[in-house]
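K.L.:
Return atomic coordinates for the entry below.
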Amino acid sequence: QIQLVESGGGLVQAGGSLRLSCAASGRTFSTSAMGWFRQAPGKEREFVATIMWSGGSKSHSDSVKGRFTISRDNFKNTLYLHMNSLKPEDTAVYYCAAAIQGGFLPNRVTQYTYWGQGTQVTVSS
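P.N.:
Presented below is the predicted three-dimensional model:
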């Protein structure tokens, strides 16, 4: 099992930056593919980014490509999302998630087994 706790959210002006962290406990973090999703009020949870177990391969949604970067530190059992050039439409609750397997890049909610409680990101215009 993996327990996930997100942190780093907050209020930021448009054009600003934030770094989200997701601390994982459990022995399988380093072998699991990890992902970030977000959910705005009244909308479905949407894919943001995913990274393979080794960190060697990653994928980002078109809406954040070039502005957000997912990374991981398997020694610290921590997943990160570096967010630059933030826009008001990035406002959402951001969730980290862990898949059981590690050798792929899952981009659907149903491909993940473990979820954190979420952290709020609010971008003001």
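K.L.:
quick one: the strands in this structure?
P.N.:
Assigned strands in the chain, in chain order: 3-7, 10-13, 18-25, 34-39, 46-51, 58-60, 68-73, 78-83, 92-98, 114-115, 119-124 (criterion: DSSP state E).
K.L.:
Let me have those in CSV, adding distance to Phe104 as columns.
P.N.:
C-beta here means a position set from N, CA and C on the backbone, and glycine is covered the same way. Formatted as CSV, these follow (distance: least, Cβ to Cβ, whole Å):
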stretch, distance to Phe104
strand 3-7, 19
strand 10-13, 32
strand 18-25, 18
strand 34-39, 11
strand 46-51, 9
strand 58-60, 10
strand 68-73, 15
strand 78-83, 16
strand 92-98, 13
strand 114-115, 16
strand 119-124, 25
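K.L.:
got CSV for those strands, with mean neighbour count and mean pLDDT too?
P.N.:
Shown next, in CSV, are the strands of the chain (neighbours: other Cβ atoms under 10 Å; pLDDT from 0 to 100):
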stretch, mean neighbour count, mean pLDDT
strand 3-7, 16, 97
strand 10-13, 13, 98
strand 18-25, 19, 97
strand 34-39, 25, 98
strand 46-51, 22, 98
strand 58-60, 17, 97
strand 68-73, 18, 98
strand 78-83, 22, 98
strand 92-98, 24, 98
strand 114-115, 18, 96
strand 119-124, 17, 98
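K.L.:
looking at the ones you listed, which is closest to Asn107?
P.N.:
Proximity to Asn107 (Cβ to Cβ) singles out strand 46-51 among those, at 4.5 Å.
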